[in-house]
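Novice: Got a predicted structure plus its sequence, pasted below:
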Amino acid sequence: MPAELQGAMAALGNDPAAAREMARKALAGAAPDPRFWVVAGHASRLLEDWADLEVVADGLLTAAPNAILGLIWKADCLSKRGELQKASVHYTAALRAAEEADALPEPTQRDLQRVKKEIEEIRRTYSWHLDGHLRSKGITPENCSRSFAEAFAALAGTHEPPIGLQRPSMLHYPGLPERCYYERDNFDWTAGLEAASEDIRTEFEAARVQPGALQSLGERRTEDLADGGGAQGMPDLSAYLLWNNGAPDKDHLAQCPKTAALLESFPRPQFPNTSPIAAFWRFAPETRIMPRNGLLNSRLIGHLPLIVSAACGLAVNGERRAWEAGKLIVFDDSIEHEIWNEGETEAVVLLFDIARPEIDDADQKALAALFEAVDSFR
């Protein structure tokens, strides 16, 4: 161990301010030892200097993205600022990193025990927040459906839903049929949409040539995508967004008026900052979205293929279906699925979400209120 590091560590117990200055000096040099971030963090923690601790945590996480102490310290700072949702994400990441680590020092193990208690407290606060918001909208356990009550409890962390094929990453609404695909004749609006597929394609072809129209999705993280995982292959996946996480792209919708009108002609989920979603997705040759589960099982996903290659389609729970131009495919994306274009030419699909026909209007409104509550929790 370098003498400078030994000296900084020795100073921690008696003079944390001095230890921090020694660590800062070392970190300012060329190719600093990342252990100095740990010394600086312990010093700032002892001094209860939360602003500096966050700077240290960010530095440590830049040097080592899965550093357990960095994740804990970042979470502590977020918690002190009242950003409990973000704090919970970092605390949970710290526990996950600890599961993959070898033997940990006793002080870190004690920190991890504290982290578990912090997460429990955040969950209680989260549950109270959700319940209070719903009550302000007149939604109580006495007047909501059992399915909604269980969905709320699962989101609040007080109920563990049964796990089947549906494994949504955000919210599980119980009691829905686990059907991989819904046939086109299940919906009375399908024929009109399919009949307009050439008009929809024409609008896309005109819109796509505008500068910056297509947004690359292939380089984004899986959790950043509105619907669909990271893309694999060269070149990547791109999209012309119409509705993104419940927000309309007014300029893009104005460029595609027939498509916009058709999207308004059938029931779509209205979940604040989550749904509706709609976009033209362009799959270049040899592009694949790897197996994943979507955010929700309280909506369905529609694919209207507009341009197809020799080998493009999707599989839900291993059941494969090829894209056919102008032929709608509706599926439950909370069930594991993958999408691909293995052909030598591009493929383009209009992707959008659809309101679950099994969820009545009262629960649709209750779910919208629940998403409002989620979004308002810091």
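Specialist: Thanks, I have it.
Novice: What ranges in the stretch 51-200 of the chain fall below the confidence cut-off?
Specialist: Scanning the stretch 51-200 of the chain for pLDDT under 70 picks out nothing.
Novice: if we go to 80?
Specialist: Scanning the stretch 51-200 of the chain for pLDDT under 80 picks out 157-159.
Novice: Tell me which stretches of it form helices.
Specialist: With DSSP state H, counting those that start in this stretch, the ranges of helices along the stretch 51-200 of the chain come out as 68-80, 84-99, 106-136, 146-156, 190-195, 197-208.
Novice: among those, which is the most enclosed?
Specialist: Stretch with highest mean neighbour count among the helices of the stretch 51-200 of the chain: helix 68-80 (a mean of 23; mean count of other C-beta atoms under 10 Å). (Glycine included, C-beta is placed from N, CA and C.)
Novice: Run the angle between it and helix 84-99 for me.
Specialist: 160 degrees (axes from the mean of the first three to the mean of the last three C-alpha atoms, to 10 degrees).
Novice: just checking, what packs against helix 68-80?
Specialist: Where contact means 3 or more C-beta pairs under 8 Å, 6 or more residues apart in numbering; DSSP states H and E, helix 68-80 is packed against helix 35-47, helix 50-63, helix 84-99, helix 106-136.
Novice: What's the separation between Gly175 and Arg356?
Specialist: Counting by C-beta to C-beta, to the nearest Å, the separation of Gly175 from Arg356 is 11 Å.
Novice: Equivalent analysis for Asn273, please.
Specialist: Relative to Arg356, Asn273 is positioned 19 Å away (C-beta to C-beta).
Novice: what's the answer for Ala311, then?
Specialist: 31 Å.
Novice: Looking at those two now, which is surrounded by more residues?
Specialist: Using other C-beta atoms under 10 Å, the more surrounded residue of Ala311 and Arg356 is Arg356, with 22 against 15.
Novice: Next up, the contacts around the more buried one.
Specialist: With contact set as C-beta atoms under 8 Å, 6 or more residues apart in numbering, Arg356 has these partners: Tyr173, Leu176, Pro269, Ser298, Arg299, Leu300.
Novice: cool, Pro272 as well?
Specialist: Gly246, Ala368, Phe371, Glu372, Asp375 are the contacts of Pro272 under C-beta under 8 Å, 6+ apart.
Novice: now Ala310
Specialist: Glu342, Gly343, Glu344, Thr345.
Novice: Just want the phi and psi numbers for the closest residue to the first one other than its chain neighbours.
Specialist: Which is Glu342. Once flanking residues are discounted, Glu342 sits nearest to Ala311: 4.0 Å by C-beta to C-beta, 6 or more residues apart in numbering. Backbone torsions of Ala311, given as degrees, to the nearest 10, read phi -150, psi 90.
Novice: sorry, back to before: Leu27: which of the contacts of Pro272 is nearest?
Specialist: Distances from Leu27 to those, taken as C-beta to C-beta, are shortest for Asp375 (37.8 Å).
Novice: Excluding chain neighbours, what is closest to the closest one?
Specialist: Spatially, and ignoring its direct neighbours in sequence, Asp375 is nearest to Asn273 (4.8 Å; C-beta to C-beta, 6+ apart).
Novice: Next, find the distance separating that neighbour from Pro305.
Specialist: To Pro305, Asn273 is 28 Å away according to C-beta to C-beta.
Novice: Look at those two and report which has more neighbours.
Specialist: Pro305 (21 against 13).
Novice: Just to be sure, the more buried one is in a helix?
Specialist: No. Judged by DSSP: H, G, I helix; E, B strand; the rest coil, Pro305 forms no part of a helix; its state is strand.
Novice: and the residue lying closest to it once chain neighbours are set aside, how many neighbours?
Specialist: Of all residues not flanking Pro305 in the chain, Trp323 sits nearest, at 3.8 Å (C-beta to C-beta, 6+ apart). Residues lying near Trp323 (other C-beta under 10 Å) number 25.
Novice: Quick check on the contacts of Ala310: which are buried?
Specialist: Glu342, Gly343 (16 or more other C-beta atoms under 10 Å).
Novice: Just the ones of the contacts of Ala310 in helices?
Specialist: Among the contacts of Ala310, DSSP state H puts none in helices.
Novice: Arrange the contacts of Ala310 in a markdown table, one row each, with distance to Ser265 and pLDDT as further columns.
Specialist: Below are the contacts of Ala310 laid out as a markdown table (distance: C-beta to C-beta, whole Å; pLDDT from 0 to 100):
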| residue | distance to Ser265 | pLDDT |
| --- | --- | --- |
| Glu342 | 33 | 93 |
| Gly343 | 31 | 92 |
| Glu344 | 35 | 92 |
| Thr345 | 31 | 94 |
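Novice: Closest to Leu165 out of the contacts of Ala310?
Specialist: Of all those, Leu165 sits closest to Glu342, with 25.1 Å by C-beta to C-beta.
Novice: Can you list the buried residues in stretch 49-63?
Specialist: In stretch 49-63, counting by 16+ other C-beta under 10 Å, buried: Asp49, Trp50, Asp52, Leu53, Glu54, Val56, Ala57, Gly59, Leu60, Leu61, Ala63.
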